[in-house]
Structure formats: C-alpha cells, structure tokens
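K.L.:
predicted model follows, preceded by the sequence.
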Amino acid sequence: MAKKVAPPIDVTCPCCQAKLVVAPELAVVLSHEAPPKTAPDVDLTDTARLLKEQEERREEKYKQSVEYEKKKEDVFERLFEEGLKKAKDKPIEKPIRDFDLD
C-alpha cells in the first residue's frame, strides 16, 4: 500500500498578509507570495511644507559641516602641540625591535 500524501495547506500570515503554501508531512514552506504593497499615505497639501523642512535641514547640515571644516585645522594644531609637549616631557628611549627580544 502506498502512503497517502496530504495536500499542501494554503496559509495567510496574520501580520503581513503574505500567502504561504505549507507541506504538512514535511513541515516546510513550499512557496511564499509577498503581500501586495500599498502606496504610501502622502497628503499632497503638505508636500510644500515637507520640502521646505527638508531644505532647511540640508542647509543646517551644510552650515555645520562648513563650521567643522573651519575649526578642524585649529583642533589638529592644538592636538599636535599637546602631543609635542608630552613628547618633550618623556625621556628618549630606544625602541624595542623584534630581534632584540631573542
């Protein structure tokens, strides 16, 4: 006698509404169909305001980057001076080489 094969089960996902075909005897998903995508809910009357806000954010980020670039040289110079002070305070030591450890 041949073993009776159960037909696949069609299941709809409760979260995303995707369609799955499951083989019960194997407990695996045979196929998956993604849910249809819905159009984004955009109110066209607010698009002018949204575009204006985006433009203001871009302008603010640009101004911040310009200020950072202006200050960058001063910051690096100060870091160099502090590093130079630390280097002057430390005694000069001969660096350890790999073949000195043998």
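P.N.:
Here it is on my side, so go on.
K.L.:
from now on I want contacts and neighbour counts done on CA atoms only, so please keep to that.
P.N.:
OK.
K.L.:
what ranges do the strands span in the protein?
P.N.:
Per DSSP state E, the chain carries strands over the ranges 9-12, 19-23, 28-33.
K.L.:
could these be laid out in CSV, adding distance to Pro40 and mean neighbour count?
P.N.:
Below are the strands of the chain laid out as CSV (distance: least, C-alpha to C-alpha, whole Å; neighbours: other C-alpha atoms under 10 Å):
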stretch, distance to Pro40, mean neighbour count
strand 9-12, 23, 14
strand 19-23, 22, 17
strand 28-33, 21, 13
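K.L.:
any idea which of those gets closest to Leu50?
P.N.:
strand 28-33 (34.6 Å; C-alpha to C-alpha).
K.L.:
quick one: the closest one to strand 19-23, angle?
P.N.:
Calculated by axes from the mean of the first three to the mean of the last three C-alpha atoms, to 10 degrees, strand 28-33 forms an angle of 160 degrees with strand 19-23.
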